[in-house]
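**Q** No letters, just coordinates:
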């Protein structure tokens with residue numbers, strides 16, 4: 001763990017040194033966190049992700065809300081699906097435990113300034129703690145993009161079966177779930193919110209609407225590449 005965090009720190013230092021686009025004039029977009037449970041003391045910032053231990057339903061809702069918050073406020077620098085293009089730290093490598101959480105929430109609250117230039121704005125007072133931990137949850141559940149790439153041919157084949165209109169839905173759903181179970185996170189989080197998992201969940205909840213799953217696969221695989 002120490003090696004990974006040391007490597008991340010080096011990446012952060014190099015990235016922030018080369019980052020030339022300042023964020024000070026970019027207005028943070030609000031994140032609606034009403035669907036998430038209130039924290040015991042909203043004024044006291046926690047040092048560990050509270051949604052990690054509140055059950056699957058809350059964790060999934062945090063992922064959904066965090067996805068929106070990340071895409072509106074973070075993706076322009078940290079990349080779609082949190083896959084950094086090299087100008088900003090790749091947050092997917094932050095361990096899904098207290099040490100990684102502490103680094104994340106410190107940077108989220110206070111931002112980062114270098115030589116008088118704002119490299120990252122302070123989001124804490126503007127977006128609040130619930131939004132911070134929702135975004136953190138989204139980031140820590142990002143799948144290993146290399147493993148998604150390896151699974152892409154199989155996922156494309158399943159997408160084709162669904163588009164053909166004659167697919168055995170339970171069989172396709174089971175295959176998607178099996179692929180999802182083989183895709184890990186880079187943070188060490190147990191749940192990997194991969195495109196395979198999202199498509200499998202869509203078929204489980206809406207077996208008569210294969211278009212949803214096809215669209216999830218289409219958009220997710222495009223973003224991964």
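**A** Now that the structure is in, tell me what you want to look at. Fair warning: this is a prediction, and the values are worked out from it, not measured in the lab.

**Q** Domain ranges for this structure, per the record?
**A** According to automatic domain parsing, the chain comprises the domains 2-140, 145-224.

**Q** Lowest average pLDDT across the ones you listed?
**A** When the domains of the chain are compared on mean pLDDT, domain 2-140 scores lowest, with a mean of 83.

**Q** what distance separates that domain from the centre of its chain?
**A** 10 Å (CA atoms, centre = their mean, to the nearest Å).

**Q** Can you check which helix is longest in the chain?
**A** Longest helix of the chain, by residue count under DSSP state H: helix 145-164.

**Q** can you pull out the strands in this protein?
**A** Assigned by DSSP state E, the strands in the chain fall at 112-114, 117-120.

**Q** of all the ones you listed, which lies closest to residue 67?
**A** Residue 67 sits nearest to strand 117-120 of all the strands of the chain, at 19.3 Å, using CB to CB. C-beta: built from backbone N, CA, C; applies to glycine.

**Q** Which strands or helices does the closest one pack on?
**A** strand 112-114 (3 or more CB pairs under 8 Å, 6 or more residues apart in numbering; DSSP states H and E).

**Q** OK, contacts around residue 50?
**A** By CB atoms under 8 Å, 6 or more residues apart in numbering, the contact list for residue 50 reads 39, 133.

**Q** ok, it to residue 129 distance?
**A** In this view, residue 50 and residue 129 are 9 Å apart by CB to CB, to the nearest Å.

**Q** so residue 143 sits right up against residue 189, yeah?
**A** No. Here residue 143 does not reach residue 189: they are 10.0 Å apart, not a contact under CB atoms under 8 Å.

**Q** which of the strands of the chain sits most buried?
**A** Burial of the strands of the chain is given as mean neighbour count (mean count of other CB atoms under 10 Å); strand 117-120 ranks first at a mean of 18.

**Q** which stretches of the protein form helices?
**A** Along the chain, the segments classed as helices by DSSP H run 2-18, 56-73, 75-78, 98-110, 124-127, 129-140, 145-164, 169-182, 195-205, 210-224.

**Q** If we go by neighbour counts, what in the last one is buried?
**A** Within helix 210-224, the residues that qualify as buried by neighbour count (16 or more other CB atoms under 10 Å) are 210, 212, 213, 214, 216, 217, 220, 221, 224.

**Q** re the thing from before, can you list residues touching both of residue 50 and residue 129?
**A** By CB under 8 Å, 6+ apart, residue 50 and residue 129 have these common neighbours: residue 39.

**Q** Going by neighbour count, which residues in stretch 37-46 are buried?
**A** 39, 45, 46.

**Q** Just to check, the last one is in contact with residue 39?
**A** Yes. Taking CB under 8 Å as the contact criterion, residue 46 and residue 39 are neighbours in contact, 7.0 Å apart.

**Q** so what sits against both of those two?
**A** Each of residue 129 lies in contact with both residue 46 and residue 39 under the rule CB under 8 Å, 6+ apart.

**Q** can you pull the contacts of residue 193?
**A** 63, 138, 141, 142, 143.

**Q** returning to that earlier point: as CSV, the buried residues of stretch 37-46 with distance to residue 92 would be great.
**A** Formatted as CSV, the buried residues of stretch 37-46 follow (distance: CB to CB, whole Å):
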residue, distance to residue 92
39, 25
45, 23
46, 21
